[in-house]
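Visitor: sequence unknown, structure follows:
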DNA sequence: CGCCTTGTTGGCAGTCACTGACACAATTCC
DNA sequence: GGAATTGTGTCAGTGACTGCCAACAAGGCG
C-alpha cells in the first residue's frame, strides 16, 4: 500500500492513475453532453433556429463554457469521428514507399468505414445522424467540408514527409482523390438511408473506388 | 430618329437599349467597387482586421448596402471567376456520352485555366490575387472551398441529367476528382508565385492530371 | 412635364456568434 | 491543510447579419 502510494506519487502510471483523471473524465463527459444536446436540437429545430444559449442550457453549462469546448456552433455536431485518428497515425507509420499510395489509402479508409459497421455500431449511428443532418443543413455541410479539407491538408504534409518526397503534388492529388471517394460514398449512404433505402456503406464505398479507377481507363464512356 | 425612338419604346432591342441599362450598369459598378475595396483591405490588413464597415466605407456605400450585394464579408473577395459559367454551360451542351467524362472535364478546365493566361490577363491577375490571399487567410479558404463544393454539386446534377443516367455515383466521383486536380494546381501555382517561383499554371495543371491518371495505374509506387 | 410604380439606398434597432477580463470554485499538488 | 492550477460563470463589448421604414432616384405613361 505505502509502496504503491509512493510509486504513483513518483511516476504517473498509465492505467493505475485514478485521481488525476477526474478532471479529464469530467471534461469528456461535458463535451459529450454538449455534443448530444447540439445534435438533438439541430435535428429537431434546425441549425439556424438553435442558438448557442439553447445548446448550452440543454447541456447544463453557460454559453461561455460552450465556446471553451467548441469554436463554433456547428463544430459541436461535428465532433471528431472517434478513433479515426488512431487508424490514420498507424497508416502513416506503416507507409510503404513501394506500394501505390492510393491502395494504401483505400485500405485505411476501408477499415475506418468498416468500424462504422454500416451504422450499427455506436460510432456508426452517430456518423449516420450527422451525415443525415448535413444533407438538410448547408451550414453544417460547409463546416464539415472545411474541417475535412484541413484534415486532408495536414495528412498530405505528414505523408509527404514520411515518404521523403520533394514534390507533394502527386500526394495532394492522390489523398484528395481518395477523400473524394469517401465523401461521395458517405453522402450517397446518408441520402439513401434518409429516403428509406438500406444500401450498404462499404459496398457503396467500393463502388466509388471502382469509379475512381475506371474513370481513367482508356476506353471508358 | 423618330422611327428609332418608337422602336426602342416598343421592344427592348438587345444591344440597342441604352437607357434602361443605367440601373444595371450602376449595380455592376457598385459591385466591382465593393469587391475591389474588399480585396485591397484584405491584402493590406488581413480579413479579420477588416470590418464590413471598413469595406463599405472604402467603396462609398453603407454597410446595409454591402449586404445587398454580398451575403458575407468573404464572398466579396470571391466574386465569380468571370466567364467561367459560360464555358461550363457550353460544356454541358456539348456533353458527348460516348467519350470519357474525365477527358471532357479536363478539356473544359484546361480551356478555363488557359483563359487566365498564367496570371497575365486581367482575370488571371485577379484570380492570382485571390488565391494568394486564400493561402494566408483560413476564413477565405473556408468560404472558397464551400462555394466550390456547391458549384460542383450543381454541376454533377446537371451533368447527370444531361447524360440521362439513373446513377450519379460515377459522375460525382469523376467531377469531384477533376475538381481536385484544378484546386491542387491552383494552390501550387499561387504558393509558388508567392515565394517568387514563376511556375506555369497550365503545366502544373497538366502535371496534376497526370498524377490523377497514374495513381490508378497497376504498378505505381 | 407631372404622376405613379418600382428598385435602390441609408439609418435604426435588434439578434446572435464569439471574445477578453475578472472573480470564484473545484482539483490537484505538496 | 494551504498553495498552485484549472474549469466555470458573469459581464461587457465587438462585429456580422437581418427586418423595417422612410427617402430618393429611375423608368414608364398620360
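Guide: Great, that's in hand. Every value quoted in this text rests on a predicted model; they were computed, and no experiment measured them. Residues are numbered from 1 along each chain as shown, chains lettered A, B, ... in the order given.

Visitor: Give me the domain ranges for chain A.
Guide: For chain A, automatic domain parsing gives the domain ranges A:2-76, A:84-214.

Visitor: Whether the first one contacts chain B - can you check?
Guide: Looking back up the chat, that one is domain A:2-76. No: using C-beta under 8 Å from any C-beta of the partner chain, domain A:2-76 stays clear of chain B, with a minimum separation of 10.8 Å. From N, CA and C alone the C-beta is placed, and that goes for glycine too.

Visitor: Also stretch A:144-164?
Guide: Yes: Stretch A:144-164 comes into contact with chain B (C-beta under 8 Å from any C-beta), by way of A:145-146, A:149.

Visitor: which stretches of chain A aren't confidently modelled?
Guide: A:1-20, A:81-82, A:218-221 (pLDDT under 70).

Visitor: near DNA strand D, which residues of chain A show up?
Guide: For chain A, the contact set with DNA strand D under C-beta under 7 Å from any atom of the strand comprises A:23, A:26-27, A:30, A:60-65, A:68-69.

Visitor: mind giving me a markdown table with those residues and columns for secondary structure?
Guide: Shown next, in a markdown table, are the residues of chain A next to DNA strand D (DSSP: H, G, I helix; E, B strand; the rest coil):
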| residue | secondary structure |
| --- | --- |
| A:23 | helix |
| A:26 | helix |
| A:27 | helix |
| A:30 | helix |
| A:60 | coil |
| A:61 | coil |
| A:62 | coil |
| A:63 | helix |
| A:64 | helix |
| A:65 | helix |
| A:68 | helix |
| A:69 | helix |
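
Visitor: Off-centre distance for stretch A:189-206?
Guide: 18 Å (C-alpha atoms, centre = their mean, to the nearest Å).

Visitor: Which two of the residues of chain A next to DNA strand D have the greatest separation?
Guide: Using C-beta to C-beta, the two most remote members of the residues of chain A next to DNA strand D are A:23 and A:63, lying 21.5 Å apart.

Visitor: What segments of chain A are helices?
Guide: Secondary structure of chain A (DSSP state H): helices located at A:2-10, A:21-45, A:52-59, A:63-69, A:84-93, A:101-115, A:122-136, A:138-163, A:169-194, A:201-214.

Visitor: quick one: which of the residues of stretch A:144-164 next to chain B is nearest to chain B?
Guide: Proximity of the residues of stretch A:144-164 next to chain B to chain B (C-beta to the nearest C-beta) peaks at residue A:146, which lies at 4.3 Å.

Visitor: burial measure for that closest one, as a count.
Guide: Counted by other C-beta atoms under 10 Å in any protein chain shown, the residues lying close to residue A:146 total 21.

Visitor: Return the residues of chain A in contact with DNA strand C.
Guide: A:19-23, A:26, A:50-53, A:63-64, A:67, A:71-73.

Visitor: ok, of these, which one's closest to DNA strand D?
Guide: Nearest to DNA strand D among the residues of chain A next to DNA strand C, counting by C-beta to the nearest atom of the strand, is residue A:64 at 3.1 Å.

Visitor: So what's the residue count around that closest one?
Guide: 9.

Visitor: And for the one 4 residues further on?
Guide: Other residues near residue A:68 number 11, with proximity taken as other C-beta under 10 Å.

Visitor: next one: residue A:99
Guide: 12.

Visitor: And it, its phi and psi?
Guide: phi -90, psi 150 (degrees, to the nearest 10).

Visitor: how close does it get to residue B:54?
Guide: 52 Å (C-beta to C-beta, to the nearest Å).

Visitor: Near residue A:183, how many other residues are there?
Guide: The local packing of residue A:183 (other C-beta under 10 Å) involves 19 other residues.

Visitor: Name the nearest residue to it, sequence neighbours excluded.
Guide: Leaving out its chain neighbours, the residue that sits closest to residue A:183 by C-beta to C-beta, 6 or more residues apart in numbering or on different chains is residue A:148, at 7.1 Å.

Visitor: Likewise for residue A:170?
Guide: Residue A:170's closest residue in space is residue B:211 (C-beta to C-beta, 6+ apart), at 4.3 Å.

Visitor: From residue A:87, how far off is the closest residue to residue A:165 other than its chain neighbours?
Guide: Spatial nearest neighbour of residue A:165, chain neighbours left out: residue A:171 (6.5 Å); criterion: C-beta to C-beta, 6+ apart. Note on residue A:171: its distance to residue A:87, by C-beta to C-beta, is 19 Å.

Visitor: Residue A:93 too?
Guide: 11 Å.

Visitor: higher neighbour count, the two?
Guide: For residue A:93 versus residue A:87, the count of surrounding residues by other C-beta under 10 Å is larger for residue A:87: 15 against 8.

Visitor: thinking that one is in contact with residue A:112, fair?
Guide: Yes: assessed by C-beta atoms under 8 Å, residue A:87 is found in contact with residue A:112 at 5.3 Å.

Visitor: check contacts around the residue nearest to residue A:170.
Guide: A:169-170, A:173-174, B:181 (C-beta atoms under 8 Å, 6 or more residues apart in numbering or on different chains).

Visitor: and what of residue A:36?
Guide: Residue A:36 sits in contact with residue A:59, where contact means C-beta under 8 Å, 6+ apart.

Visitor: ok, now residue A:149?
Guide: By C-beta under 8 Å, 6+ apart, residue A:149 lies in contact with B:141-142, B:145.

Visitor: will you turn these into TSV that also has neighbour count and distance to residue B:83?
Guide: TSV is the format used below for those (neighbours: other C-beta atoms under 10 Å in any protein chain shown; distance: C-beta to C-beta, whole Å):
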residue	neighbour count	distance to residue B:83
B:141	20	24
B:142	19	25
B:145	18	22
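
Visitor: Filtering those by proximity to chain A, which remain?
Guide: Checking these against chain A (C-beta under 8 Å from any C-beta), the matches are B:141-142, B:145.

Visitor: Tell me the one among those nearest to DNA strand D.
Guide: In terms of C-beta to the nearest atom of the strand, no member of these lies closer to DNA strand D than residue B:142, at 11.5 Å.

Visitor: what's around residue A:215, how many residues?
Guide: Residues near residue A:215, counting by other C-beta under 10 Å, number 24.

Visitor: and it, how far is that from residue B:104?
Guide: Between residue A:215 and residue B:104 the distance is 11 Å, computed by C-beta to C-beta.

Visitor: do the same with residue A:210
Guide: 20 Å.

Visitor: now do residue A:95
Guide: Look at residue A:95 and residue B:104: by C-beta to C-beta, they are 34 Å apart.

Visitor: Kindly report the same for residue A:102.
Guide: Relative to residue B:104, residue A:102 is positioned 23 Å away (C-beta to C-beta).

Visitor: now swap in residue A:112 and tell me
Guide: Counting by C-beta to C-beta, the gap from residue A:112 to residue B:104 is 33 Å.

Visitor: ok, back up a step: residue A:102 and residue B:104 - which one has more neighbours?
Guide: Neighbours were counted for residue A:102 and for residue B:104 using other C-beta under 10 Å; residue A:102 has more, 22 against 17.
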